[in-house]
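Chemist: Okay, here's the prediction I keep looking at, along with the sequence it came from:
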Amino acid sequence: MNPTRILAIARRIAQGFRRDERTLGLMFVVPLVVTALLGWVLRDTKDTNVRIEIVNTDQTVGTHIVSALTALASDPANGIAIAGTVASRDDAVAAIKAGNADLALVIPSDLVAAVAAGQRPTLTVITEGTEPGAEASQFGKLQKAVATLTGSLAPPGGSPAIIPQIAHETVYLTPNATQVDVLAPIFLGFFGYFFVFLLTGISFLRERIGGTLERLLATPVTRTEIVFGYSLGFGAFATIQVIVLTLFILNSINVPAIGPIPAFSIGLGVNSAGSPVLAFLIAFLLSIGAVNLGIFLSTFARTELQVIQFIPLVIVPQGLLGGLLFPVNQLPDALNAVAHVLPLTYAIEGLREVMLKGADLSSRIVQTDLLVLAGIAIFFVALASTTIKREVA
Amino acid sequence: MSAAVGAPVPPVAAAPAVEAVNLQKRFGEIRAVDGIDLALAPGRIYGLLGPNGSGKTTLIRLLTGLAHATGGEARILGTKMPSRQTLARIGYMPQAEAIYPELSVGENLTFFARLEGKADPAAIDRVLDLVELGGRKGTPALELSGGMRRRLSLACTLVHEPKVLFLDEPTVGVDPALRVQFWTHFRRLAADGTTILVASHVMDEADRCDELVFVRNGKVIGRGTGAELRETAGQKDLEAAFLVLSGLDPEGRPLDRTAPDAGAVA
């Protein structure tokens, strides 16, 4: 052990850092930016009123419940709003699907009869079902309101209040859907984007520094041909990746116990409500954009390490804002606007629509997502080809 | 004893294969190529000689259309560059190896041949024999020795049988025996009518060329055969001739100073 040699090595590392301002910047600036962003998202996430659609099938007591709930809604502290009152649960489900209500409260027609018979009546709450986290808090607000209501409706004379049971139903998936079911489409979008970007970035950087791009450009090949070739080549691998990942997510194969190894299953066995082909199309368009973003950003890197340093810039904000962790519509307004220029936002929205809600090509949301993703892909194709100039030195 | 003009350009019988007229390239304030005129006759080997940073690579990149001239123009085989059609008849060997290490020898060659529009298996086998890599067709380039990779790089340049060859320091890191082989290939190609421009800073290669172009600071400071340049400079070896034509004394010292350790240039 020679301290001089150890210090020489440490000093060498410090000297290297001094010349590489970008690494230094990323080391200190990026964690601050990401932390600030995360803090902003967590602190300013909108706590909106739960919009309740009331399905009133009991004309006698029901009207009282509606007016009592409306009275509760007038106090902002309760965090509820009445979206409307309808006569059938189908209308309420339609209102949730259309995004006009967050959940529906169904007042059963046998409410009075049940109470008269001394039974606890059952109120049914219908939630959308695709965002268990956010829905749990909405559900909680409604439960609180119902409890307040029950207290105020307690029959006079000291007899105990009849507390209704609450049954949970969902429009999509099932009430006991896990985070895995809900996150499956997000995995698909995120991994497709992340790996394709990283691989193309590094691969194209190697073309630039290894001289092969010079040699390519001294042949009759055009920039557009290079960009299309890259998109096709990496697109093919992205396709295989998406197919494998989709199969893993959607299927589950049980492997029986072998000797000391207990039985286990491979795959998540998530149910996809919609067409896997459509989900694939969304993931494919996303990856074409990622290929060309990789080519474009490789211009700004001189080493493989510097390509990896783009991860906090390219991947992390999309992870935070793209609907991966927090619903986009609950983001603070400024961040919501940012989220709407990020490709992952549209891909995740589209994949969720297709896989969780069974949307097909007739869905306006899916149409918009596909168009925006195609637009972003074309934009990055154009951007990438402008960076491949004959002048590459 | 200023000889900046050098020997006159010898009359070119056929139309020149490579032509440059007052070619210029500026990077900000730096004039990397500062008004170069060239006329290279078909079937001859030209040596482009000068120290590192003299503008050799930039000149080649301007001639091949890889860089855009800020003034003047370049013509290859009669076509103004940059021209994609003409690129198919040009072979360019960059200073870097410029091969795909993860691909095999044969795959590298097939790839570049396809881009040139000439994926002829027979031509690939011919060029492999030429660089003596015939038995290595399936070997990944990664596993080749440095000299073999250099030969593969040359093969990738030759695979589409170009009429004009630009070789940027093709023999750097190549051992003497292989260097002799390379030059034998170049001579054979020239005999078949290929025009070759070899950039080098190794003066001992210069005598293998038919004609030499000395460049320094982006300007041509002398041209002609090796014998002509030696005679003009009044020096016995080319290195000294280059230094004298650069305005230095034969030891590389500035003429107006006699400091003992001014340092060699070439």
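Modeler: Great, that's in hand.
Chemist: Let me know how buried the nearest residue to B:Pro16 once chain neighbours are set aside is, in neighbour terms.
Modeler: If the residues on either side of it in the chain are set aside, B:Pro16 comes closest to B:Ala39, at 4.2 Å by Cβ to Cβ, 6 or more residues apart in numbering or on different chains. Glycine gets a C-beta too; all of them are placed from N, C-alpha and C. A count of nearby residues for B:Ala39, using other Cβ atoms under 10 Å in any protein chain shown, gives 16.
Chemist: Would you confirm that B:Ala39 contacts B:Glu19?
Modeler: Yes: between B:Ala39 and B:Glu19 there is a contact under Cβ atoms under 8 Å: 5.4 Å.
Chemist: which residue does chain A bring closest to chain B?
Modeler: A:Gly211 (2.9 Å; Cβ to the nearest Cβ).
Chemist: Apart from its neighbours in sequence, what residue is nearest that residue?
Modeler: Once flanking residues are discounted, A:Gly211 sits nearest to B:Ala96: 2.9 Å by Cβ to Cβ, 6+ apart.
Chemist: For that neighbour, give me its contacts.
Modeler: By Cβ atoms under 8 Å, 6 or more residues apart in numbering or on different chains, the contact list for B:Ala96 reads A:Ile209, A:Gly210, A:Gly211, A:Glu214.
Chemist: Just the buried ones from the residues you listed?
Modeler: In terms of neighbour count (16 or more other Cβ atoms under 10 Å in any protein chain shown), the buried residues within the contacts of B:Ala96 are A:Gly210, A:Gly211, A:Glu214.
Chemist: Look up the pLDDT of the first one for me, please.
Modeler: Yep, that's A:Gly210 we're talking about. For A:Gly210, the model assigns a pLDDT of 89.
Chemist: Could you pick out the longest helix of the chain?
Modeler: In the absence of a named chain, this looks at chain A. Ranked by residue count under DSSP state H, the longest helix found in chain A is helix A:179-210.
Chemist: hmm, I had chain B in mind actually
Modeler: Longest helix in chain B, counting residues (DSSP H): helix B:176-191.
Chemist: where does the stretch 1-150 of chain A come near chain B, residue by residue?
Modeler: Proximity of the stretch 1-150 of chain A to chain B, by Cβ under 8 Å from any Cβ of the partner chain, involves no residues.
Chemist: residue boundaries of the strands in the stretch 1-150 of chain A?
Modeler: Read by DSSP state E, counting those that start in this stretch, the stretch 1-150 of chain A holds these strands, from start to end of the chain: A:50-56, A:80-86, A:103-107, A:122-127.
Chemist: Can you convert the ones you listed into TSV and add a column each for mean neighbour count, mean pLDDT and distance to A:Leu199?
Modeler: Shown next, in TSV, are these (neighbours: other Cβ atoms under 10 Å in any protein chain shown; pLDDT from 0 to 100; distance: least, Cβ to Cβ, whole Å):
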stretch	mean neighbour count	mean pLDDT	distance to A:Leu199
strand A:50-56	22	88	44
strand A:80-86	19	87	47
strand A:103-107	25	89	43
strand A:122-127	20	88	40
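Chemist: Can you add distance to A:Ala184 and give those back as JSON lines?
Modeler: Shown next, in JSON lines, are those (distance: least, Cβ to Cβ, whole Å):
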{"stretch": "strand A:50-56", "distance to A:Ala184": "26"}
{"stretch": "strand A:80-86", "distance to A:Ala184": "29"}
{"stretch": "strand A:103-107", "distance to A:Ala184": "23"}
{"stretch": "strand A:122-127", "distance to A:Ala184": "19"}
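Chemist: what's the closest of these to B:Ala141?
Modeler: Distance to B:Ala141, taken as Cβ to Cβ, is lowest for strand A:122-127 among the strands of the stretch 1-150 of chain A, at 58.9 Å.
Chemist: That closest one pairs with which strands?
Modeler: strand A:103-107 (antiparallel), strand A:165-170 (parallel) (DSSP bridges).
Chemist: Just put these in a markdown table and tack on distance to A:Pro132.
Modeler: Listed next are the strands paired with strand A:122-127 as a markdown table, based on distance: least, Cβ to Cβ, whole Å:
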| stretch | distance to A:Pro132 |
| --- | --- |
| strand A:103-107 | 13 |
| strand A:165-170 | 9 |
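Chemist: Tell me which of those lies nearest to A:Leu142.
Modeler: Using Cβ to Cβ, the strands paired with strand A:122-127 put strand A:103-107 closest to A:Leu142, at 6.5 Å.
Chemist: which stretches of the chain have low pLDDT?
Modeler: Chain wasn't specified; assuming chain A. Applying pLDDT under 70 to chain A flags residues A:151-161, A:389-393.
Chemist: think we crossed wires, I meant chain B
Modeler: Applying pLDDT under 70 to chain B picks out residues B:1-14, B:255-266.
Chemist: So which residues on it come close to chain A?
Modeler: Applying Cβ under 8 Å from any Cβ, one finds that chain B approaches chain A through B:58, B:61, B:64-68, B:82, B:84-85, B:87-88, B:90, B:92, B:94-100, B:112, B:115-117, B:156-157.
Chemist: Please check the residues you listed and keep the buried ones.
Modeler: B:58, B:61, B:64-67, B:82, B:87-88, B:90, B:92, B:94-95, B:97-100, B:112, B:115-116, B:156-157.
Chemist: Cross those residues against helices and list the overlap.
Modeler: Per DSSP H, these map to helices at B:Thr58, B:Arg61, B:Leu87, B:Phe112, B:Leu115, B:Cys156, B:Thr157.
Chemist: For B:Phe27, what are phi and psi?
Modeler: For B:Phe27, the backbone dihedrals (degrees, to the nearest 10) come out as phi -110, psi 90.
Chemist: what ranges do the helices span in the stretch 101-250 of chain B?
Modeler: With helices called from DSSP state H, counting those that start in this stretch, the stretch 101-250 of chain B shows them at B:105-115, B:121-130, B:146-158, B:176-191, B:226-233, B:238-245.
Chemist: Give me the contacts around the fourth one.
Modeler: With Cβ under 8 Å, 6+ apart as the contact definition, helix B:176-191 has outside contacts at B:43-45, B:130-132, B:147, B:150-151, B:154, B:158, B:165, B:167, B:170-171, B:174, B:196, B:198, B:205, B:208, B:210.
Chemist: if we go to 7 Å?
Modeler: The contact list for helix B:176-191, computed with Cβ atoms under 7 Å, 6 or more residues apart in numbering or on different chains, reads B:Gly43, B:Arg44, B:Ile45, B:Leu130, B:Gly147, B:Leu154, B:Leu165, B:Pro170, B:Thr171, B:Val174, B:Ile196, B:Arg208.
Chemist: List only buried entries from those residues.
Modeler: B:Gly43, B:Arg44, B:Ile45, B:Leu130, B:Leu154, B:Leu165, B:Pro170, B:Thr171, B:Val174, B:Ile196, B:Arg208.
Chemist: what about the residue nearest to the last one when sequence neighbours are not counted, how many residues close to it?
Modeler: Translated: B:Arg208. Once flanking residues are discounted, B:Arg208 sits nearest to B:Trp183: 5.1 Å by Cβ to Cβ, 6+ apart. Using other Cβ under 10 Å, the number of residues around B:Trp183 comes to 17.
Chemist: ok, B:Trp183 to chain A distance?
Modeler: Shown here: B:Trp183 relative to chain A, a distance of 22 Å by Cβ to the nearest Cβ, to the nearest Å.
Chemist: What separation is there between that residue and A:Met27?
Modeler: Distance, B:Trp183 to A:Met27, by Cβ to Cβ, to the nearest Å: 51 Å.
Chemist: The residue nearest the centre of chain B: what's it in contact with?
Modeler: Centroid-nearest residue in chain B: B:Val198, 2.2 Å away (criterion: Cα atoms, centre = their mean). Residues in contact with B:Val198, defined by Cβ under 7 Å, 6+ apart, are B:Ile45, B:Gly47, B:Leu48, B:Leu167, B:Pro170, B:Cys209.
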